[in-house]
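Colleague: Sharing a sequence plus its predicted fold:
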Amino acid sequence: MVVSAAIILIAGGICACAPLFKRASKALGRLMTILGFFVGIAVIIVAVDVALGLNFLSTYLGIQPVPINSTNSYLKYYLPVMAILGILLFSRPIRNIRWASLIALGAGILVAAFLKVAFAGLSTTILAVVFLIATLAVYTLLKFVEDILQMIGSILAFPPIAIAVGLVSIYFGVLTLAPT
């Protein structure tokens, strides 16, 4: 079965218009947000595959990339649209999760456990200090990234912007489905 990147763009555009569906039903808006999370992951994967020319998806999964050198000059903008759409859909439901602290805690535990196994004679005090240093270092780095992603996600999740991105994505999807 061959799935077109245009279909993924259209599905992502519909999911990005979730603020419109919230007016009709909150449950439908939430469903579109949840579906949008998974469609956003697919959009990001397709955009990375096409941008880097990996041809992984077309070779193994049957997803055809959008033709870049088509007669329509606007098709060269579909990769940035896919990237923005993917970030919007992916970041909308998870922008309030504090993942930097969870990853930092896990990294601190892993470093302390590795040192305990590698150097069996280390005292608990040294392991506790190493745990704290590793946790704080990883948290400091990841908190900066988390804040940037939260800011971008908040801007993109603003309903007028999300609806505009969704409509542009639907337009590009329909444009690429049309015969050239």
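Modeller: Yep, it's here.
Colleague: Tell me who's in contact with the residue at the greatest distance from the centre of the chain.
Modeller: Among the C-alpha atoms of the chain, the one farthest from their average position, using Cα atoms, centre = their mean, is that of Gly121, at 43.3 Å. Neighbouring residues of Gly121 by Cβ atoms under 8 Å, 6 or more residues apart in numbering: there are none. (Glycine included, C-beta is placed from N, CA and C.)
Colleague: helix, strand or coil for the residue nearest the centre of the chain?
Modeller: Centroid check for the chain by Cα atoms, centre = their mean gives Phe90 as the closest residue, at 3.9 Å. Using DSSP: H, G, I helix; E, B strand; the rest coil, the structure places Phe90 in helix.
Colleague: How about it: what's its closest non-neighbour residue?
Modeller: Once flanking residues are discounted, Phe90 sits nearest to Gly40: 3.8 Å by Cβ to Cβ, 6 or more residues apart in numbering.
Colleague: Longest helix in the protein, by number of residues?
Modeller: Across the chain, the longest stretch assigned as helix under DSSP state H is helix 124-157.
Colleague: buried residues in that helix?
Modeller: 127, 130-131, 134-135, 138-139, 142, 146, 149-150, 153, 156-157 (16 or more other Cβ atoms under 10 Å).
Colleague: before we move on, what about stretch 98-110?
Modeller: So, applying 16+ other Cβ under 10 Å, buried residues of stretch 98-110: 100, 103-104, 107-108.
Colleague: Out of the buried residues of helix 124-157, the closest to Ala47 would be?
Modeller: Using Cβ to Cβ, Leu156 comes nearest to Ala47 of these, at 15.0 Å.
Colleague: Contact partners for the closest one?
Modeller: 84, 87-88, 91-92, 162, 165.
Colleague: give me that answer again for 7 Å
Modeller: Leu156 makes contacts with 87-88, 91, 162, 165, as judged by Cβ atoms under 7 Å, 6 or more residues apart in numbering.
Colleague: Leaving out chain neighbours, which residue sits closest to Val48?
Modeller: Val48 sits nearest to Leu54 (Cβ to Cβ, 6+ apart), 7.6 Å away.
Colleague: How much space separates the one you found from Ala47?
Modeller: Using Cβ to Cβ, to the nearest Å, Leu54 is found at 11 Å from Ala47.
Colleague: Name the residue in those two with the higher neighbour count.
Modeller: Using other Cβ atoms under 10 Å as the criterion, Leu54 and Ala47 rank with Ala47 on top: 24 against 11.
Colleague: Once you drop chain neighbours, what's closest to the more buried one?
Modeller: In space, and not counting its chain neighbours, Ala47 is closest to Met82: 4.0 Å by Cβ to Cβ, 6+ apart.
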